[in-house]
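Participant: Dropping the sequence and predicted coords here.
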Protein chains: 2
Amino acid sequence: MKLYDLDLSGNCYKVRLLASFIHTPLNIIPVDFMQGEHKGEKLMQLNPWGEIPIFEDEDVVLRDAQAILVYLANKYGGEAWWPSEAYLQAEVMQWLSVASNEIQHGPNMARLIKKFGLPGDHAQCIANSNKILTLIDNHLSKNYWLAANRPTIADCAIYPYISVAYEGDVEIVQYTNINAWMLRLEQLPGYISMPGNSPTDNVCDS
Amino acid sequence: MKLYDLDLSGNCYKVRLLASFIHTPLNIIPVDFMQGEHKGEKLMQLNPWGEIPIFEDEDVVLRDAQAILVYLANKYGGEAWWPSEAYLQAEVMQWLSVASNEIQHGPNMARLIKKFGLPGDHAQCIANSNKILTLIDNHLSKNYWLAANRPTIADCAIYPYISVAYEGDVEIVQYTNINAWMLRLEQLPGYISMPGNSPTDNVCDS
C-alpha cells in the first residue's frame, strides 16, 4: 500500500497514525509539495483535486484522508476502529464531518496561513477554531473518546490538526478536556508523532 | 423516527430524500428557524452545535446530515445505498467529505448569503462553487453516479445544494454532466423535491 505523503500535512498524518495503530505497513512516497508535485500530471491523474494524501492499494486509488481512514479501518483495522453497528458508525461519522469541515476551516487553515503563508482570514480561522474547540472540549468533559466509548478513526481524524494548532497561533491550553484526551491518545500502543507535535520538536526552546 | 426539520434546508432535505428512496417514514418536526428555535434550550440539548437536522430514533440522537444518512442507510437501506465493502464504502465516503466541506463552503454558503442574508464573501463562494462543480462535472463525464456505479448516499449528500444552487446565483447550466446526473436522480422511484428545486416552484415565472 502506497501513501503519497507530506510529513508536515496533518491530513497525511491521520493516515500514518491509523496505519501505525493497526500495524499496517505503508509504503510512504514523499511528495515535493513546495515544488508543486501534487499539481503535476502524474498525481493529478490519481487525484484531480490536486491534494494529498493519495492512497493506493493495488487497483484502489483514494483521495481524502477521511475516506482513506474508512478504507484502512474497514479492511485492515476490524470492528475496533470503525464500528459496523449503525449508531456507533454514525457517531464516528459525525466526527469525520467535523474533520472535513470545522477542523479544516479552523485550526488547519489558521496553520496554513501562519506557517505556510497561504492567503486567508486568520482572525476568522481563530474564531472558527475556538468555536469548535469549545464544542469538542465540552463533549470530552463527558466522554473519554470522541465516539463509541473507545479510540476510533474519529480520534485519528480530529487529533492531528489540534496537536499542531499552536503553529497557527490557536491556543489550546485552556481546553483541559482536550489536553487530557490528547494525552490518552498519545499513550495508546502504536502512537506515532508528526513534526510539530513531537516532544523532540521543542528541544531548541529548552 | 423524528427529524427536526426545516423545509428550506438542503441538509434536512438530504435526510428526507434518502428516507423517501428507502421507504422509511419520518416523523417530521418543523423547527421555527427564523425564531431561532434551533438555538433554544431544548434543541441545544439534543445538538450543542445549534444546527438542524437533528434526528431521533428511540435512544439514538444524531446531528450532521452525513452521519444521519450513514445511520439510515446502514440500518434501513441495506447494502444498496451504503456499501459495506471497503473500497466502495470509501468511494462513497470521499463524497460525504465533499458534502461537508466543498459543497458547504461553495453553493450552500452562496445561497445562505444571497437568499437568507447571512454575512460572508459571496464572490469567494462563487469561485469555490465553480471549482468543485467542475471537478464533479468531470467525474460525471465518466460515471453515471458519484460512487459505486449506483445511486448511494453520496448522491443524496451532494445533489440537494446543487439543485438549488441558482438561489445563490451559482450558474449550473454549463455543467452538462451534472445536469444529466440530476435528471437521472430525479427519475429514481421515491424521489421527492424540496422548495426551490420543484417544477411547481417556477409557476410564477411562466
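Facilitator: Good, I have the coordinates. Fair warning: this is a prediction, and the values are worked out from it, not measured in the lab. Numbering: from 1, shown residues only, chains lettered A, B, ... in the order given.

Participant: Give me the contacts around the lengthiest helix in chain A.
Facilitator: For chain A, the helix reaching the highest residue count under DSSP state H is reported as helix A:122-140. By Cβ atoms under 8 Å, 6 or more residues apart in numbering or on different chains, the list of residues contacting helix A:122-140 from outside reads A:98, A:102-103, A:105-107, A:109-110, A:113-114, A:146, A:158, A:162, A:165, A:168-170, A:172, A:175-178, A:180-181, B:48-49. All C-beta spots, glycine's among them, are computed from the backbone N, C-alpha and C.

Participant: Over to stretch A:188-197?
Facilitator: Identification of contacts with stretch A:188-197 by Cβ under 8 Å, 6+ apart yields A:7-8, A:10, A:13, A:16-17, A:20-23, A:151, A:160, A:163-164, A:167, A:185-186, A:199, A:201.

Participant: just the buried members of the residues you listed?
Facilitator: Listed as buried from those are A:8, A:10, A:13, A:16-17, A:20-22, A:151, A:160, A:163-164, A:167, A:185; burial here means 16 or more other Cβ atoms under 10 Å in any protein chain shown.

Participant: residue contacts, A:Thr24?
Facilitator: Shown in contact with A:Thr24 (Cβ under 8 Å, 6+ apart): A:1, A:72, A:76-77.

Participant: Take these and keep only those in helices.
Facilitator: Per DSSP H, the contacts of A:Thr24 map to helices at A:Leu72.

Participant: out of the contacts of A:Thr24, who has the most neighbours?
Facilitator: A:Leu72 (29 neighbours; other Cβ atoms under 10 Å in any protein chain shown).

Participant: Wait, A:Val61 touches A:Phe55, no?
Facilitator: Yes - here A:Val61 reaches A:Phe55: they are 7.2 Å apart, a contact under Cβ atoms under 8 Å.

Participant: that older thread, need the max-distance pair from the buried ones among the contacts of stretch A:188-197.
Facilitator: For the buried ones among the contacts of stretch A:188-197, the farthest-apart pair by Cβ to Cβ is A:Ile22 and A:Glu167; their separation is 27.2 Å.

Participant: buried set for the longest helix of chain A?
Facilitator: Within helix A:122-140, the residues scored as buried using 16+ other Cβ under 10 Å are A:122, A:125-126, A:128-130, A:132-133, A:136-137, A:139-140.

Participant: Go through these and name the one nearest chain B.
Facilitator: A:His139 (7.7 Å; Cβ to the nearest Cβ).

Participant: ok, and does stretch A:71-80 reach over to chain B?
Facilitator: Yes - Stretch A:71-80 comes into contact with chain B (Cβ under 8 Å from any Cβ of the partner chain), by way of A:71, A:74-75.

Participant: which of those residues tops the neighbour count?
Facilitator: The residue in these with the most neighbours, by other Cβ under 10 Å, is A:Tyr71 (26 neighbours).

Participant: how much space between that one and A:His38?
Facilitator: To A:His38, A:Tyr71 is 20 Å away according to Cβ to Cβ, to the nearest Å.

Participant: got it, and A:Leu72?
Facilitator: Counting by Cβ to Cβ, the gap from A:Leu72 to A:His38 is 21 Å.

Participant: what about A:Asp57, how many residues close to it?
Facilitator: Residues within reach of A:Asp57, counting by other Cβ under 10 Å, total 20.

Participant: Over to it: give its phi and psi.
Facilitator: Main-chain dihedrals, A:Asp57, degrees, to the nearest 10: phi -140, psi 100.

Participant: Look up the pLDDT of the closest residue to it other than its chain neighbours for me, please.
Facilitator: Nearest residue to A:Asp57, sequence neighbours excluded (Cβ to Cβ, 6 or more residues apart in numbering or on different chains): A:Met1, at 4.6 Å. With respect to pLDDT, A:Met1 has a value of 96.

Participant: again with A:Asp205
Facilitator: A:Asp205 is assigned 45 on the pLDDT scale.

Participant: Need the three-state assignment for A:Tyr191.
Facilitator: When classified by DSSP: H, G, I helix; E, B strand; the rest coil, A:Tyr191 comes out as coil.

Participant: Now it. Its backbone dihedrals?
Facilitator: Dihedral angles (degrees, to the nearest 10) for A:Tyr191: phi -60, psi 140.

Participant: What's the local residue count around it?
Facilitator: Applying other Cβ under 10 Å, we find 13 residues neighbouring A:Tyr191.

Participant: And it, how far from A:Val173?
Facilitator: Here A:Tyr191 is placed at a distance of 21 Å from A:Val173 (Cβ to Cβ).

Participant: which residue packs closest to A:Glu186, ignoring adjacent ones?
Facilitator: A:Ser193 (7.9 Å).

Participant: and the one you found, how far is that from chain B?
Facilitator: 25 Å (Cβ to the nearest Cβ, to the nearest Å).

Participant: Now that residue, what are its backbone angles?
Facilitator: According to degrees, to the nearest 10, A:Ser193 has phi -90, psi 180.

Participant: And for it, the neighbour number?
Facilitator: For A:Ser193, the neighbour count with other Cβ under 10 Å is 16.

Participant: Repeat that for the one 4 residues further on.
Facilitator: Residue crowding around A:Asn197 was assessed by other Cβ under 10 Å; the count is 20.

Participant: would it count as being in a helix?
Facilitator: No - assignment of A:Asn197 by three-state DSSP gives coil, placing it outside any helix.

Participant: In TSV: the residues of stretch A:71-80 next to chain B, plus distance to B:Trp82 and pLDDT.
Facilitator: Converted to TSV, those look like this (distance: Cβ to Cβ, whole Å; pLDDT from 0 to 100):
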residue	distance to B:Trp82	pLDDT
A:Tyr71	14	98
A:Asn74	12	97
A:Lys75	16	96
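
Participant: Quickly name whichever of those residues is closest to B:Met44.
Facilitator: Closest approach to B:Met44 among those (Cβ to Cβ): A:Asn74, at 33.6 Å.

Participant: So A:Val61 and A:Phe55 - more neighbours on which side?
Facilitator: Comparing A:Val61 with A:Phe55 by neighbour count (other Cβ under 10 Å), the higher total belongs to A:Phe55, at 28 against 15.

Participant: interface residues of chain A facing chain B?
Facilitator: Near chain B, when you scan chain A using Cβ under 8 Å from any Cβ, you find A:48-49, A:60, A:62-64, A:66-68, A:70-71, A:74-75, A:84, A:86-87, A:89-91, A:93-94, A:96-98, A:100-101, A:104-105, A:135, A:138-139.
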